[in-house]
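A.B. asks: sequence first, predicted coordinates after that:
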Amino acid sequence: QVQLVESGGGLVQAGGSLRLSCSASGRTVSRYAMGWFRQAPGKEREFVAGITWIGVTSYADSVKGRFTISRDNAKNTLYLQLNSLKPEDTAVYYCSADRKTISQHSDYWGQGTQVTVSS
């Protein structure tokens, strides 16, 4: 089993930045695909960014050029750098891990961290 714990969320003004972290425990996730999803109030959970175990990244169009996903396998930790934040980025951000591919049906999920962007 893999346990995922997100941190780094908070309240920030539009245009600001945050760095989210996702710490994994239980087993090493160096060979897992990992990613970030988010869910805004009244909306479905959506994909934000993903990274394969060899470091290939992918992003939702809405965050390309503003968000950067990275991982530190030595620390068993996933990161998401959020820059140029907009009010529409307000959501609970979830970390996920999967043995194969990140999706809405990923194997493991964290509890989420709230990101609120004020205008």
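C.D. replies: Done, it's in. Residues are numbered from 1 along each chain as shown.

A.B. asks: give me the most central residue, the chain.
C.D. replies: Centroid-nearest residue in the chain, with CA atoms, centre = their mean: W36, separated by 2.7 Å.

A.B. asks: so what's that one closest to, chain neighbours aside?
C.D. replies: Computed as CB to CB, 6 or more residues apart in numbering, the closest residue to W36 that is not its neighbour in sequence is V48, at 4.3 Å. Every residue, glycine included, has its C-beta placed from N, CA and C.

A.B. asks: the one you found reaches C95, doesn't it?
C.D. replies: No - counting by CB atoms under 8 Å, V48 does not reach C95; the two are 10.1 Å apart.

A.B. asks: identify the contacts common to the two.
C.D. replies: Residues touching both V48 and C95 (CB atoms under 8 Å, 6 or more residues apart in numbering): 35-36.

A.B. asks: and the residue nearest to the centre of the chain, what pLDDT?
C.D. replies: If you check W36, the pLDDT there is 98.

A.B. asks: just the strands in the protein please.
C.D. replies: Ranges of strands within the chain are 3-7, 10-13, 18-25, 33-39, 46-51, 57-59, 67-72, 77-82, 91-98, 108-109, 113-118, based on DSSP state E.
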